Structures are given as structure tokens and as C-alpha cells.
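Asks: Next one to model:
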Amino acid sequence: MMRVHFIAIGGAAMHNLALALHSKGYVVSGSDDEVFEPSKTRLENVGLLPDTMGWFPDKISPKIDAIILGMHARKDNPELLEAQRQGLKIFSYPEYLYEQSKDKTRVVIAGSHGKTTITSMVMHVLSKLKVDFDYMVGSQIEGFDTMVRLSHTAKYIILEGDEYLSSPIDLRSKFLWYKPHVALLSGIAWDHINVFPTWDSYLETFEKFIGSIVDGGYLTYFAGDKAISDMVSKHTQRIQVIPYQTHVHTVENAISTLSTEFGPVNLKVFGDHNLQNLSGALNLCKQIGISDKDFYFAISDFGGAAKRLQTIAQNNESIAYLDFAHSPSKLEATTKAVKVQFHDRQLVACMELHTFSSLKKEFLPLYQNTMDAADIAFVYFNPHTLEHKKLETISAAQVQAAFGGKVKVYTDSEALIKELSAIKYEKTNLLLMTSGNFDGVDLKAFAKQLIPEK
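Replies: Below is the predicted model of the structure:
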């Protein structure tokens, strides 16, 4: 009976891995200094929520087979120090996923953008076609109870490959642990500036990812990304390299339709970036033995990943979308996609600067003109967030100058909400882009107030 202890069990990824191992029959324990919803309830429902918040070195004993260390913990965490003193095996989250998948075909989706959506697409197709597979994805996906599944039976494991750090004591990118047999790179656009302070350092970790693909493995990548194209040219003798492009399609009456050899296929998702994602997912599924015909049948009712152009309010003449977009490339692609799909509607786009990179003074110029596709554009940030992240102060004027165009900048959440509420949403779509919630706004409820069902 395997015994596993989680240090910082309450994290989004960590608690899902804990649930997966519990379902697999492992004896799971864990600690954390704070656990928020939905992690709290989900852990409590299966008896894994710590009785008391805090760190307790006496929980650490030689009876534990593996310690899994979360990013939320610090290098001087009392339980970590005790585990090190006892010489116990300590794993990062991605390292343990690799341990669990050594005998499986590992399919890894990486890139600065689109990886959650592509992973979700592949999962949706395999699930609909009743293929047995394990997975790890970075967002809660409709139709799946957890973000991680680990079984004794599945031949394949689908892994969303993140370039962020593995753990407080392992500063390698997470995706360097996975050693994929089948891999995808969606594109590279400088992100995580706190970890990769230069463009070259960011490129280097993706170079290492390509090098981590097993000999004789397979890589598909977006052909429109020059940085990736330059990288993969060095590996064509060692692995199979196949580019993909935006899938051929038409847009009519706000519906995107694929052009295929089997006839037209209507989609629920839209936007060039999603049509690129779909092409990449198709190539991956081929490597798992899925036919083109079966793929198109299964993908037609894919509704998108959570917070990736997620519809949160809708009536006959307006739609409100919520999207995770925060990097410049994601922001621009998402804004353009909604405007192109609904060219006859006004688009109100509102973005929150919330991540470390997005609030970095040196990073701001990369946002130049990224919201130009919107008819009305707002950017919000809270100056206190800069203090919390120990970043240099920026002003609303600096942000406006960086974005350019007609962007209006707010630092007061209530004032922004008042302005958004004053707009008449008649033949008008609303796009809310954030990895946060505009400082405590219930975005779904707010969107339904602005765009009520009729």
C-alpha cells in the first residue's frame, strides 16, 4: 500500500493529484497553511482535508513512500526540512506524474498559449470515442470530475506541459520531466518574466523541451511560429516533425464550419487560434490511432475549456465571454476572434492586469495595440497588487501609453463596473479577460445583469 504525503495539498494542481491517487487506492495525507474553495470541499468530501491548518513535522515518518512538494510551500517549510533530514524521497508535482506514467505513452501539449484548450480537445475526443486514457490538465473540464486521472489500465496519458517551475527546490520547467513520446508546441510568446527575465532564456526552456522528446518520437507544431520553426529544424533526424496550420473553414451567421473530405462540420468554438488548436489536436489524435473521420465527429460538440472564451451570459443580441487571456498574444488573439466572429456587433473588451508578468513595467510595451479590434476597450489594475507582488509602481498613464489606441485605464474596480453597467448591450458583446476577478466581482452574476435572458 503506497503512502503519499502532500506538502501544500490545497493547490489547484496538488489537490487534484491527491484526489487521483486516493482514487487509485493510495493512502494520502497532506498539510497546508490555508485551503480555499473548491479545493477545501473536494478534499473534505473524501476525507483528505487536513484537520488543522499549518505545518507539522511530526506527520513526516519513514512509513511515507513519497513526499510531493507543492509550489506554495517554501524552501524552509518545516515538513520539507524534516523529510530531507530523514532522507525521504521528495518529488515535485510533475516528477511524480512522470513516475506514475513511465509505462504509458506520454502525450504532452506545450506552448505559451492554447495548451489547455488543445489538451481539452484531445480529452473530449478520446472520451467521446471511449478510449481509455489518463490525463493532467490545467483547468476543470466539463465532463471530467478532476483535473488529474491516474489508473492502472490506461495505455495513454495526456499531459498539459507547463514551462513554469517544478517546485521551490526544483527550478526546472515542469514539462522537462515528462519525456514525451508524442508532443505538440502551440507557439512561443514571452511569458513568466519573473522566471525567464529575457526572451532568450524563455526560448531556451522550449529548446530543452524539444530535446526531451524520446528518440524516434513525434512533434507537431504551429507552422506560423518562426521561433518554433527555427528550433525544430535541428531535430528532424532524431524525431518526426509535422507542422500544422489553421484548419480550413468558413464563418457564416456566427458559426464556424470546418471544410473536410467528409463534408462540412459545424463547431461550437471559433476564432483562428481555436482553428489552429483544433488542427494540432487532430495531429495528436492521429498518433493515438484516431481516424480523421472519428475526430471530426467527436470534436463537433466540443464547447471549449473553462475560462477560454466561456459564455457566461447570452440573449438574442448579445453574449458575454470570460477568458483567461493575460499575455499580449492571448489578448490580441481573443479580442480579434470575437470581433471577427461577430463583425456586425459592437465589442466591449475589458482586461485585468493581474499576473506578475503583466504588471511588470518592462513588459507593458508588449501590449501595444493588442486590443485594437475592440470598439470599446478597458484595462484595469489594482495598485495594491503591485505592492503585494513587490513590483515597481506603474501609473494609469503608463499603462494607457503602453496599450495605445482608445484603451481607457481604471485603477478603481467600482468605477469600472459602473462604466461597464452604463453601456447598452444591444447588438453588443462583452469580453472579460482576466486570471483574477477584478477584485472580488462575481463575473458570471455581473454579466447576467448586463445581458439578461430574454
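
Asks: The residue nearest to residue 439 when sequence neighbours are not counted: neighbour count?
Replies: Once flanking residues are discounted, residue 439 sits nearest to residue 413: 4.2 Å by CB to CB, 6 or more residues apart in numbering. Every residue, glycine included, has its C-beta placed from N, CA and C. A total of 17 residues lie near residue 413 under the criterion other CB atoms under 10 Å.

Asks: Could you give the bridge partners of the residue nearest to residue 288 when sequence neighbours are not counted?
Replies: Closest residue in space to residue 288, ignoring its immediate chain neighbours: residue 156 at 5.9 Å, by CB to CB, 6+ apart. Taking DSSP bridges, one obtains residue 105, residue 133 as the residues bridged to residue 156.

Asks: Same question for residue 28.
Replies: Partner residues in beta bridges with residue 28, using DSSP bridges, are residue 4.

Asks: ok, now how distant is it from residue 177?
Replies: Distance of residue 28 to residue 177, computed by CB to CB, to the nearest Å: 21 Å.

Asks: still on that earlier bit, please report how far the residue nearest to residue 439 lies from residue 361.
Replies: 22 Å.

Asks: quick one: contacts for residue 285?
Replies: Counting by CB atoms under 8 Å, 6 or more residues apart in numbering, residue 285 touches 122, 125, 126, 295.

Asks: Who wins on neighbours among the residues you listed?
Replies: Neighbour-wise, the contacts of residue 285 (other CB under 10 Å) top out at residue 122, 29 neighbours.

Asks: which SS state does that residue fall under?
Replies: Under DSSP: H, G, I helix; E, B strand; the rest coil, residue 122 falls in the helix class.

Asks: I'd say it and residue 115 touch.
Replies: No. The pair residue 122 / residue 115 is not scored as a contact, 10.7 Å apart, by CB atoms under 8 Å.

Asks: For the two, list the residues in contact with both.
Replies: The contact sets of residue 122 and residue 115 overlap at residue 109 (CB under 8 Å, 6+ apart).

Asks: Give the burial count for residue 69, as a bare number.
Replies: The burial count assigned to residue 69 is 27, neighbours taken as other CB under 10 Å.

Asks: same thing with residue 208?
Replies: By other CB under 10 Å, 14 other residues sit near residue 208.

Asks: Tell me how far it lies from residue 112.
Replies: 15 Å.

Asks: Just give me the longest helix of the protein.
Replies: Scanning the chain for the longest helix, with DSSP state H as the assignment, gives helix 272-287.

Asks: Measure how the helix or strand just after that helix sits relative to helix 272-287, angle-wise.
Replies: Going down the chain from helix 272-287, the next helix or strand is helix 292-299, by DSSP states H and E. Angle, helix 292-299 to helix 272-287, by axes from the mean of the first three to the mean of the last three CA atoms, to 10 degrees: 130 degrees.

Asks: Counting by contacts, list what the helix or strand following helix 292-299 packs against.
Replies: Downstream of helix 292-299, the first helix or strand assigned by DSSP H and E is strand 310-314. Counting contacts by 3 or more CB pairs under 8 Å, 6 or more residues apart in numbering; DSSP states H and E, strand 310-314 packs against strand 319-323, helix 443-450.

Asks: can I assume residue 259 sits in a strand?
Replies: Yes. Under three-state DSSP, residue 259 falls within a strand.

Asks: So it sits against residue 246, correct?
Replies: No. With contact defined as CB under 8 Å, residue 259 does not count as touching residue 246 (11.6 Å).

Asks: Looking at those two, which one has more neighbours?
Replies: Per other CB under 10 Å, whichever of residue 259 and residue 246 has more neighbours is residue 246, with 17 against 11.

Asks: pretty sure that one is touching residue 275, no?
Replies: Yes. Taking contacts as CB under 8 Å, residue 246 lies within contact range of residue 275: 4.7 Å.

Asks: Of the helices and strands packed on strand 310-314, flag the one that's most buried.
Replies: Compared across the helices and strands packed on strand 310-314, strand 319-323 shows the largest average neighbour count, a mean of 24 (mean count of other CB atoms under 10 Å).

Asks: what's the offset of it from the middle of its chain?
Replies: 17 Å (CA atoms, centre = their mean, to the nearest Å).

Asks: Please list the outside residues in contact with the lowest-mean-pLDDT helix or strand in the chain.
Replies: Least confident helix or strand, the chain: helix 383-388 with a mean of 85, by mean pLDDT, DSSP states H and E. Contacts to helix 383-388, defined as CB under 8 Å, 6+ apart, come from residues 354, 359, 392, 393, 394, 411.

Asks: Go through the helix or strand following it and flag the buried ones.
Replies: Next along the chain after helix 383-388, taking DSSP H and E as the criterion, comes helix 396-403. The neighbour-count check on helix 396-403 (16 or more other CB atoms under 10 Å) flags 396, 399, 402, 403 as buried.

Asks: Contacts for helix 396-403, please.
Replies: Taking CB under 8 Å, 6+ apart as the rule, helix 396-403 contacts 353, 361, 364-365, 367-371, 377, 379, 381, 407-411.

Asks: Just the buried ones from the residues you listed?
Replies: Buried among the contacts of helix 396-403 (16+ other CB under 10 Å): 353, 364, 367, 370, 371, 377, 379, 381, 407, 409, 410, 411.

Asks: who's in contact with the closest residue in space to residue 446 that isn't next to it in sequence?
Replies: Nearest non-adjacent residue to residue 446, counting by CB to CB, 6+ apart: residue 417, 7.0 Å away. Going by CB under 8 Å, 6+ apart, residue 417 touches 438, 441, 446.

Asks: any idea how far residue 35 is from the first one?
Replies: Here the distance between residue 438 and residue 35 works out to 24 Å (CB to CB).

Asks: again with the second one
Replies: Residue 441 sits 23 Å away from residue 35 when distances are taken as CB to CB.

Asks: Next one: the closest residue in space to residue 239 that isn't next to it in sequence from residue 372, what distance?
Replies: Excluding the flanking residues, the one nearest residue 239 by CB to CB, 6+ apart is residue 217, at 4.8 Å. Going from residue 217 to residue 372 by CB to CB gives 40 Å.
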